[in-house]
Every structure is written in structure tokens, then in C-alpha cells.
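Asks: return atomic coordinates for the entry below.
(2 chains)
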Amino acid sequence: MEISKETLMLMLRRMWTIRHFEEKVMEMHSAGEFAGGAHPYIGEEAVAVGACLALESTDYIAGNHRSHGHPLAKGGSVNGAMAELYGRVGGYCKGKGGSMHLADFSIGILGESGIVASSVPVATGAALASHIRGEDFVSMVFFGDGASNQGACHESMNLAALWKLPVIFLCENNQFAVTTSYRNSVAVEHISDRASAYNMPGVLVDGQDCIAMYEATTEAVRRARAGEGPTLIEGLTFRYEEHSLGLGRVRRGEYRTQEEIDAWRKRDPLVIHTERLISQGIATQEECDAVSAEVLKEVEGSVEFARNSPFPGPEALFEDMWADEIPAP
Amino acid sequence: MAQTVFVEAINQALVEEMRRDESVYIMGEDIRRAVYGATANLLTEFGEKRVLDTPLSENGFFGAAIGSSLVGMRPVVETLTSFMWVAMDQIISQAAKMRYMFGGQATLPVTFRATMYYGGGSAAHHSDRSYPMFMNMPGLKIIVPSNPADMKGLLKQSIRDNDPCIVFEDGTLFGMRGEVPDNQDAIPFGKARVVREGTDATIVAIAGAVGHAERAADELSNEGVSVEIIDPRTLVPLDKKAILDSVEKTGRLIIADPAHKVCSAASEIASIVAQEGFWSLQAPIQKVAAEQVHIPYTPSLESLVYPNPEKIKAAVRTTLE
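Replies: Residues are numbered from 1 along each chain as shown, chains lettered A, B, ... in the order given. A predicted model of the protein is given here:
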């Protein structure tokens, strides 16, 4: 598959955006700058970026609690994401959603969900709207290996296959639901094997390889737009950090070895992509370094933006409840 | 003005709204063949894309309805209250919360039509009158029609409304006949109906309990007791003013509610009047609601559970002692 330099460099840029953003989030969370939980996406960048770059801006995505990577991969504002974590009016959701509920409807991000698998039926419904109206937009939902065991996931896959809906089920198999390995919770060898039960293609992809993710998703998007129905893509990946910030301080027992973590870190998606760009003569080390440096600056700027954005005032408490307003009880 | 059966009023509202707006579609189990009556002839007129028979996957297709509403559709989901439990994650985590959680970005014009079958020996799993549980969750509009005209007008409003609405259709009323004006339009939410005026006591009656309250009031009028009946028609939003004004006039409040009595619509109305209308009251408020037990199958026990004219009359008399 021919991929333009522009797209290849955008992959690098978006992956660096997520990496720097998450590292900054961890730093600022440790420094006590904002409250609440957050689930770092570090290590999984190639999955969301490769998948999102295969979409048009008119297509929709929905996601899960490990939420920061999805909107940033689709080109969402870094300032808006950071300000949301800071609980400020400048955030995507004016501070009402926080880390697990990033959403930017203006660019097709229908929202992340803190309830595992809860977004899967919702994204299926966006695809249903496309189907009923005879439009050609598609919908993609990110969910994890844990979510793949939820009924909502299976019900949605059956519905989507039955009605040939233009939806892409994108399973980010980072191998652990908090501390439980998918090998101890999934009865088949690969989550993508389950696709055959729903009469749809199931594709296992190296989730550390952004280009592989892009190619697999591009084919799924083509199928969806052609009316051929859904695809299940499993991006096999690994989260470098704990399930959520701070969990390492309370967890009482190991669930993965240092060797395993080190082995996966050696297959870092940013390193793989950068080396490929350089070895194939698409970009120089300097060009790649410049992308990282630019993005880092943008992320640092987002912290300033967030700090300077005000907290919502008390008048905001009752706002945004209703589209057609009713009196408070 | 035509005499219309309750279930036909539902059908009329669906047909008219589907003709009016192409983004309205309906989905549910066995609706193409109209097993429950309300969706008769929709498939013929509107075709397979707008009349969707679903697999038995409530959490999946409720969620699909919600997702489609986010991108401009106006889905109507037909279900029974009893099947809502398996779709609770989508109703609560998504439909109710999305708009607020996403800072007002999400608009969810989705209507859930949930029929409450009870009183007919359907036992504990198929007799749920669950609207109080949904009142407790911000973000859902709760509609409880008590007659064919209101059923039609409130369903039309629900479909046009831009927030998630749950219309609790009282199965005991499905065969009820009533006047429905030929041009019955949408009825705005939050406007109670004064079913009859009276001076001695106020009965606030919900859904199927309205008819019981009317029979009780007829019989009490023979004893010289003048009862006012208020039908709130929607519980979220609730027309507090109509209730408080009536209690100010009569000084006595009885609430007739087919749902379980604990943390119920009746409880909420009682608490509002206790807090905001206390000085109007001349007697303690009486709740006549379903007993706090599961619905037993056998008719000898089921008949003891719900409000009926006898219980309502006794409660009115208590306030007059």
C-alpha cells in the first residue's frame, strides 16, 4: 500500500503527541495539579493513530476509559484535552467529563466511556444511522481485551453483522484488564478469532506497527463504506504503565514480569516507526526529532493553557442537563 | 372527536411522527408483526429500514438507538419495562449521562416506549412499574399517560423532544377507549391535567391509578365528599405548582401510584408538599401505592398489591377524620 510522506509524518506527529501528553499528565498528576484517575495510553500509540488516520474527518469514533489517545489520534485539540483533565472551562467538556469522558463532537469524537464496553453499542448506533440514511460515513469503536468479554460487545457485533453496518470494532488488546491477563479470561487464542462467530472478518494486527494498523483499518473502512459490513480488528499491544495512575502504590502482587515489560518496550511503536522512516529514506533523524520537539512544546503549552483556563463557576452546575430545558425540581 | 383505543392512540402518534420527520424510526422485538399492537401497519408504510425487528439484545439495540440519536436520528424503542433491566447500562451510563458529562455536546432525541404489564397474572418478572427508579436518575424525562388522548399527545412530544424520554405505557389501559381530538397535537411536558375539580381533598393519581381515583371520587361524591383529581402526566418534569395549588385549596392530599411505595413518585410528591405546602395541610398525607413485595402470580394475592378504588376511598376518609 502506497502511503504518502505526509501521512507517515502525521503518524509520527500524532504518536508523539500522545506520548508527550501522557508523560506530562503523569508528571502533573504526581505533582498534585489535578485530581481523579487517569489511564495512560503509553505503549499503545500506534493502535489509535494508525486506525484514526484511516478515517475521514466525517467519520465517528467512540472509546473507553483509556481515553486520551483516541481523541488525540483523531486530531483533537491538545489544549482541550489537558484543560479537561484540569477540570477547566477550556476543556472539551467544560470540565464536566474529566479524563475518562473526553469527547469532541465537532470532529466526530462521540465520547469515551468509563464503563467498559459501554461505547460499543453507541458506536454501532452511529453506524446504524449511516445505514438508515444511506450515507457513507463509518463509525469505529475502541475497546480493550477486558471489554471483549462483555455482553454489550457481543450483542453489538451480532447486530452489526446482521444489518451489515459500517462499523469497525477495534480491540486494543493490551493484554491485561487491570491485572487479569486475557489468557485467563478469553476462551479463544485471539480475540479476533471471535469474528467468525459473527460472520465478519477478524484481523490480528501488530499493534506496535502504526503502518500495519493503518493498512488493516483502511481495508475495514473500505468494506464498511462499500456496504459489506463490520470488521473486527485486534491490535495486539502492551501498556507500559499501570492500569491507572497511582495503582502501583496500592497493588499487592505482580501480574507481569519485568522481562515481559522490557521485551515489549523494545518494540516501542515510536522507535519502530522512526527507524522505518529513516531506513527507507523517507525522513531524516533531524526531521523526526523536530516533530517530537514541536509536539513537546505544544504539550507544554497545553499545561499553561489549562492552568490559565478558569474553573467553571457555580452557575455551570445546572447547565448542560437538558437540550429542551425543564425546571430544576 | 373520535373514540380511540389507547393502543391505537400509540399507533397514530407513531404514524404521524414518522410521516412528519424522516429521521424518526422504530426498533424493537417483533414490531414488524405488531405483536403488542402498537406498531400495526408501520412496516408497510415505512419499510424495513425504519421499522427494525431486533434480536433479543436489549443492551445492544438500546445502545444502538442512543448512538444513532447522537448523530441526528430520532429513534423510538419499543420494549417492556421488564426488559429494561438488561439494558440499564445503556439507559443510565449513556442516555442519561452523556449530555451533561460531555459538557452539553451530546443531544439525544431518543424515546423508549416501555409497556408496564401488571395486574394480569404475569408474576414478578413481567409486572414492573419502574418509573420511580428512573426519576431518581437525572437526565431522563419520565412520561406516564393515563388515557388515549394524553398517550397520543405525550408520545408525539417525546419523539419531538431533544432529550431521552421514557414513556411508561400502562398495560392495564391498552384496551381503554377515550376521546382523542382529530387533530390531537403534541402535549407539552410538565403540565398536569385537572381530571376533575373538587374542594375537600386532592388525589394525585399516576397512570392507571387515575381511573381508580375517578371511581373512588364518584363513590365519595355520593357521600357528599368533593374530590379534586390531578394527573401529573409527566413525572420529570413534574408540575409542582398544580399539585401545591390544589392542596392549598383542599387541604388534603392522597397519592395513588401503581409503583412500589418506597422512594417512589408518591414519596417525592409527598415530600414536595410536606416541604413546600405544609401550612396548607389539614391532615397527614396518604400514600396509596403498591405494597413493597414482588408481584405474586396468584390472583388472590396480586389483587392485594396495587391501589384500587376501595383503598383510595379509605385513604380519603382517613384525611377527613
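Asks: how many residues are close by B:Ile142?
Replies: Neighbour count of B:Ile142, defined by other C-beta atoms under 10 Å in any protein chain shown: 22. All C-beta spots, glycine's among them, are computed from the backbone N, C-alpha and C.
Asks: I figured it hits B:Thr234, correct?
Replies: Yes. Contact criterion C-beta atoms under 8 Å: B:Ile142 and B:Thr234 qualify, at 6.5 Å.
Asks: buried residues of stretch B:267-280, list them for me.
Replies: B:Ser267, B:Glu268, B:Ile269, B:Ala270, B:Ile272, B:Val273, B:Gly277, B:Ser280 (16 or more other C-beta atoms under 10 Å in any protein chain shown).
Asks: alpha carbons only: can I get that stretch in PDB?
Replies: Output of stretch B:267-280 as PDB, limited to C-alpha atoms (Å, rounded to 0.1, in the frame of the first residue of the first chain):
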ATOM      1  CA  SER B 267     -42.800   9.700  48.100                       C
ATOM      2  CA  GLU B 268     -41.400  12.500  46.000                       C
ATOM      3  CA  ILE B 269     -44.800  14.300  45.700                       C
ATOM      4  CA  ALA B 270     -45.500  13.800  49.400                       C
ATOM      5  CA  SER B 271     -42.100  15.300  50.300                       C
ATOM      6  CA  ILE B 272     -42.600  18.300  48.000                       C
ATOM      7  CA  VAL B 273     -46.000  19.000  49.600                       C
ATOM      8  CA  ALA B 274     -44.600  18.400  53.100                       C
ATOM      9  CA  GLN B 275     -41.800  20.900  52.400                       C
ATOM     10  CA  GLU B 276     -43.500  23.500  50.300                       C
ATOM     11  CA  GLY B 277     -47.200  23.100  51.100                       C
ATOM     12  CA  PHE B 278     -47.100  22.100  54.800                       C
ATOM     13  CA  TRP B 279     -49.200  25.000  56.000                       C
ATOM     14  CA  SER B 280     -52.000  24.100  53.600                       C
END
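Asks: who are the contact partners of B:Ile252?
Replies: You called it Ile, but residue B:252 is Arg. B:Asp200, B:Ala201, B:Thr202, B:Leu281, B:Gln282, B:Ala283, B:Val316, B:Thr319, B:Leu320 (C-beta atoms under 8 Å, 6 or more residues apart in numbering or on different chains).
Asks: ok, now A:Phe318?
Replies: A:Phe318 neighbours (C-beta under 8 Å, 6+ apart): A:Ala328.
Asks: in helices only, show me the buried residues of stretch B:267-280.
Replies: Here DSSP state H is the test, and those give B:Ser267, B:Glu268, B:Ile269, B:Ala270, B:Ile272, B:Val273 as lying in helices.
Asks: out of the residues you listed, the closest to A:Ser139 would be?
Replies: Set against A:Ser139, the nearest of these by C-beta to C-beta is B:Glu268 (38.5 Å).
Asks: how far away is the closest one from A:Ser244?
Replies: Using C-beta to C-beta, to the nearest Å, we find B:Glu268 at a distance of 37 Å from A:Ser244.
Asks: now for B:Ile91: which residues touch it?
Replies: The contact partners of B:Ile91, by C-beta under 8 Å, 6+ apart, come to B:Phe62, B:Met84, B:Phe112, B:Phe134, B:Leu140, B:Pro164, B:Ile166.
Asks: and for A:Ile115?
Replies: Contacts for A:Ile115 (C-beta under 8 Å, 6+ apart) come out as B:Asp89, B:Ser93.
Asks: strands of the chain, start to end?
Replies: Went with chain A since none was named. A:60-63, A:109-112, A:139-144, A:167-173, A:176-177, A:180-181, A:202-206, A:231-236 (DSSP state E).
Asks: chain B was what I was after
Replies: For chain B, strands defined by DSSP E occupy the ranges B:2-5, B:24-28, B:51-53, B:74-80, B:111-116, B:141-143, B:165-170, B:177-180, B:193-196, B:201-205, B:227-231, B:234-236, B:253-260, B:286-290.
Asks: can I get these in JSON lines including mean pLDDT and distance to A:Val116?
Replies: Converted to JSON lines, the strands of chain B look like this (pLDDT from 0 to 100; distance: least, C-beta to C-beta, whole Å):
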{"stretch": "strand B:2-5", "mean pLDDT": "92", "distance to A:Val116": "44"}
{"stretch": "strand B:24-28", "mean pLDDT": "98", "distance to A:Val116": "25"}
{"stretch": "strand B:51-53", "mean pLDDT": "98", "distance to A:Val116": "27"}
{"stretch": "strand B:74-80", "mean pLDDT": "98", "distance to A:Val116": "23"}
{"stretch": "strand B:111-116", "mean pLDDT": "98", "distance to A:Val116": "23"}
{"stretch": "strand B:141-143", "mean pLDDT": "98", "distance to A:Val116": "28"}
{"stretch": "strand B:165-170", "mean pLDDT": "98", "distance to A:Val116": "25"}
{"stretch": "strand B:177-180", "mean pLDDT": "96", "distance to A:Val116": "46"}
{"stretch": "strand B:193-196", "mean pLDDT": "98", "distance to A:Val116": "44"}
{"stretch": "strand B:201-205", "mean pLDDT": "98", "distance to A:Val116": "41"}
{"stretch": "strand B:227-231", "mean pLDDT": "98", "distance to A:Val116": "42"}
{"stretch": "strand B:234-236", "mean pLDDT": "98", "distance to A:Val116": "28"}
{"stretch": "strand B:253-260", "mean pLDDT": "98", "distance to A:Val116": "31"}
{"stretch": "strand B:286-290", "mean pLDDT": "98", "distance to A:Val116": "35"}
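Asks: what sits closest to the residue nearest to the spatial centre of chain B if chain neighbours are left out?
Replies: Central residue of chain B (C-alpha atoms, centre = their mean): B:Val144, 1.7 Å from the mean position. What sits nearest to B:Val144 in space, not counting adjacent residues and going by C-beta to C-beta, 6 or more residues apart in numbering or on different chains, is B:Ala207, at 4.4 Å.
Asks: what's the weakest-modelled helix or strand in chain B?
Replies: Sorted by mean pLDDT, DSSP states H and E, the helices and strands of chain B end with strand B:2-5, the least confident at a mean of 92.
Asks: chain A now?
Replies: None of the helices or strands of chain A scores lower by mean pLDDT, DSSP H and E than helix A:247-250, at a mean of 80.
Asks: care to break chain B down by domain?
Replies: Following automatic domain parsing, one gets these domains for chain B: B:2-180, B:193-320.
Asks: need those domains in a markdown table with distance to A:Glu6, can you?
Replies: Shown next, in a markdown table, are the domains of chain B (distance: least, C-beta to C-beta, whole Å):
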| stretch | distance to A:Glu6 |
| --- | --- |
| domain B:2-180 | 29 |
| domain B:193-320 | 51 |
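Asks: helices of the stretch 51-200 of chain A, residue ranges please.
Replies: For the stretch 51-200 of chain A, the helices defined by DSSP state H, counting those that start in this stretch cover A:69-73, A:78-85, A:119-133, A:151-163.
Asks: could you say what helices and strands the second one packs with?
Replies: Translated: helix A:78-85. Here helix A:78-85 touches helix A:5-30, helix A:69-73, helix A:285-308, going by 3 or more C-beta pairs under 8 Å, 6 or more residues apart in numbering or on different chains; DSSP states H and E.
Asks: wait, which of these is closest to B:Val288?
Replies: Closest approach to B:Val288 among those is made by helix A:69-73 (51.2 Å; C-beta to C-beta).
Asks: if you rank the contacts of B:Ile91 by neighbours, which is first?
Replies: Using other C-beta under 10 Å as the neighbour test, the contacts of B:Ile91 are led by B:Phe62, with 33 neighbours.
Asks: against chain A, how distant is that one?
Replies: 7 Å (C-beta to the nearest C-beta, to the nearest Å).
Asks: how about B:Ser280?
Replies: Distance from B:Ser280 to chain A, counting by C-beta to the nearest C-beta: 19 Å.
Asks: cheers, nothing more for now.
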